[in-house]
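[1] No sequence on hand, only this structure:
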């Protein structure tokens with residue numbers, strides 16, 4: 001089959017089905033139901049049995065953004081100010097050290113209306129009493145052009161260092 005499978009960032013229950021597809025060959029296929037995939041079920045089981053999680057971060061491609069809830073609706077999360085402040089600190093730390101800009105904001109803020117999408121990990125994490133919940137969307141382009149969802153292997157170390165800078169900043173602020 002030429003179908004690529006379920007988009008795991010559409011397979012969680014919070015806002016499930018918004019901005020997703022029921023077509024199994026779509027890049028944003030939500031799956032037949034929330035937690036239909038082993039990976040999303042495993043994440044759910046781990047989060048539910050682990051206590052005192054302060055922050056959760058998912059890493060996806062692509063877009064050079066650092067997003068936080070809500071990603072599937074236009075209303076602001078009640079902790080928007082705190083989420084925004086930490087995301088901005090993380091983004092600034094990466095830009096200052098490596099020159100790569102990850103635009104902080106909600107999916108609506110960074111992508112516009114087309115960015116509204118449900119079933120995302122960051123929206124679900126925050127409903128599990130995790131205070132800080134984010135998704136890094138990795139760079140889509142470099143000096144060789146646009147790569148979309150396929151981060152070139154040659155960029156893994158560079159992007160990994162950027163993420164470590166963001167995580168280090170987050171840990172220092174929490």
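    Noted; the coordinates are in hand. In this text, all values refer to a predicted model and were calculated from it rather than measured experimentally. Numbers count the residues shown, from 1 in each chain.
[2] C-alpha from now on. contacts and neighbour counts both.
    Fine.
[3] Could I get the full set of strands for this structure?
    55-61, 65-67, 103-105, 132-138, 141-142, 145-146 (DSSP state E).
[4] These into a markdown table, with extra columns for distance to residue 28 and mean neighbour count?
    Converted to a markdown table, these look like this (distance: least, CA to CA, whole Å; neighbours: other CA atoms under 10 Å):
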| stretch | distance to residue 28 | mean neighbour count |
| --- | --- | --- |
| strand 55-61 | 12 | 16 |
| strand 65-67 | 17 | 27 |
| strand 103-105 | 21 | 23 |
| strand 132-138 | 15 | 24 |
| strand 141-142 | 20 | 14 |
| strand 145-146 | 19 | 10 |
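[5] between those, which gets nearest to residue 85?
    Relative to residue 85, the nearest member of the strands of the chain by CA to CA is strand 103-105, separated by 9.1 Å.
[6] chain center to that closest one, what's the gap?
    Distance, stretch centre to chain centre, for strand 103-105: 11 Å (CA atoms, centre = their mean, to the nearest Å).
[7] same thing with stretch 74-83?
    16 Å.
[8] quick revisit: of all the strands of the chain, which one comes closest to residue 76?
    Using CA to CA, the nearest of the strands of the chain to residue 76 is strand 103-105, at 10.6 Å.
[9] Let me see the contact set for the closest residue to residue 17 other than its chain neighbours.
    Of all residues not flanking residue 17 in the chain, residue 118 sits nearest, at 5.9 Å (CA to CA, 6 or more residues apart in numbering). Residue 118 makes contact with 10, 12, 13, 14, 15, 16, 17, 18, 19, 20, 71, 72, according to CA atoms under 8 Å, 6 or more residues apart in numbering.
[10] From those, list just the buried residues.
    10, 12, 13, 14, 15, 16, 17, 18, 19, 20, 71, 72 (16 or more other CA atoms under 10 Å).
[11] from these, which ones fall inside helices?
    If you go by DSSP state H, the buried ones among the contacts of residue 118 have nothing in helices.
[12] from the residues you listed, which single one is nearest residue 36?
    residue 12 (8.8 Å).
[13] Give me the most central residue, the protein.
    residue 135 (2.2 Å; CA atoms, centre = their mean).
[14] could you pull out the helices for the chain?
    Going by DSSP H, the chain shows helices at 38-49, 80-98, 107-111, 121-127, 156-173.
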